[in-house]
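Engineer: Mind looking at a prediction? Sequence and model below.
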Amino acid sequence: MRRAVPVLALVVLLCPTGGLADEEPSARIRSPKPDAQVEYHFTAKGRSSNIPEGQVVMLFRPIGESGFLFPLSEELKGNRSFSEKIYHEMKDEGSQVIQVRMLPVELAAKAAYYRREILKWYNGGKKGPQPSLAPGLLENTRRLAEVVYELERK
């Protein structure tokens with residue numbers, strides 16, 4: 001019995017185990033594929049893994065030279081597959097980017113609220129002041145995955 005305890009301890013230390021809590025958060029985007037040509041309305045699909053408690057993932061599109069992150073989705077629970085409809089305006093063209101980012105739940109709620117407000121403003125004919133998101137609010141979010149794709153010309 002005395003030999004069993006040290007051997008067991010050595011086995012536990014040296015054997016790899018799946019699903020360790022200290023694995024790095026990650027995500028992958030299955031659709032669209034890199035450099036794929038897609039229509040102006042499509043469904044982005046992917047999966048996130050090892051997202052810690054208190055964090056969620058969201059899809060974003062960097063816009064312009066400033067790299068402003070426009071939220072393309074609501075908060076998505078981590079550690080599961082996602083499927084999100086993506087819409088582009090007809091004036092959009094060329095290469096586009098989707099990023100999967102990890103962020104705290106509270107920050108995701110602010111970004112999702114902004115998304116709902118800007119869509120309401122846009123669909124309402126752009127009347128009144130344009131809703132805004134505080135500059136730099138999303139700077140400390142963590143990018144987990146990114147895909148570059150092309151929009152098909154109509």
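Structural biologist: Good, I have the coordinates. None of the values given here were measured: they were computed from a predicted structure.
Engineer: Now Ala109: closest residue in space, sequence neighbours ignored.
Structural biologist: Glu75 (6.8 Å; Cβ to Cβ, 6 or more residues apart in numbering). For the C-beta atoms, the positions are set from N, CA and C on the backbone; glycine is no exception.
Engineer: so where's the chain shaky on pLDDT?
Structural biologist: 1-22, 154 (pLDDT under 70).
Engineer: one more time with 90, if that's ok
Structural biologist: 1-22, 63-67, 89-94, 134-136, 139-140, 152-154 (pLDDT under 90).
Engineer: Let me see the residues that make contact with the lengthiest helix in it.
Structural biologist: Secondary structure of the chain per DSSP state H: the longest helix is helix 105-123. Contact with helix 105-123 is made by 54-56, 58, 70-75, 103, 127-128, 130-133, 137-138, 141, as judged by Cβ atoms under 8 Å, 6 or more residues apart in numbering.
Engineer: helix or strand right after that helix?
Structural biologist: strand 142-151 (DSSP states H and E).
Engineer: For the residue nearest the centre of the chain, what is the enclosing helix or strand?
Structural biologist: Geometric centre of the chain, nearest residue: Val100, 2.1 Å, by Cα atoms, centre = their mean. Here Val100, judged by DSSP H and E, is contained in strand 95-104.
Engineer: Can you tell me the strand partners of that strand and which way each runs?
Structural biologist: The strands beside strand 95-104 in its sheet (DSSP bridges) come out as strand 55-63 (antiparallel), strand 142-151 (antiparallel).
Engineer: Can you list the buried residues in the last one?
Structural biologist: Spelled out, it's strand 142-151. Within strand 142-151, the residues scored as buried using 16 or more other Cβ atoms under 10 Å are Leu144, Ala145, Val147, Tyr149, Leu151.
Engineer: show me the contacts for the residue nearest to the centre of the chain.
Structural biologist: Ala27, Ile29, Gly46, Ser48, Val57, Met58, Leu59, Arg143, Leu144, Ala145, Glu146.
Engineer: Among these, find me the one that's closest to Val38.
Structural biologist: Using Cβ to Cβ, Ile29 comes nearest to Val38 of the contacts of Val100, at 12.1 Å.
Engineer: helices and strands around the strand or helix carrying that closest one, which ones?
Structural biologist: Here Ile29, judged by DSSP H and E, is contained in strand 26-31. On a contact count with 3 or more Cβ pairs under 8 Å, 6 or more residues apart in numbering; DSSP states H and E, strand 26-31 meets strand 41-49, strand 95-104, strand 142-151.
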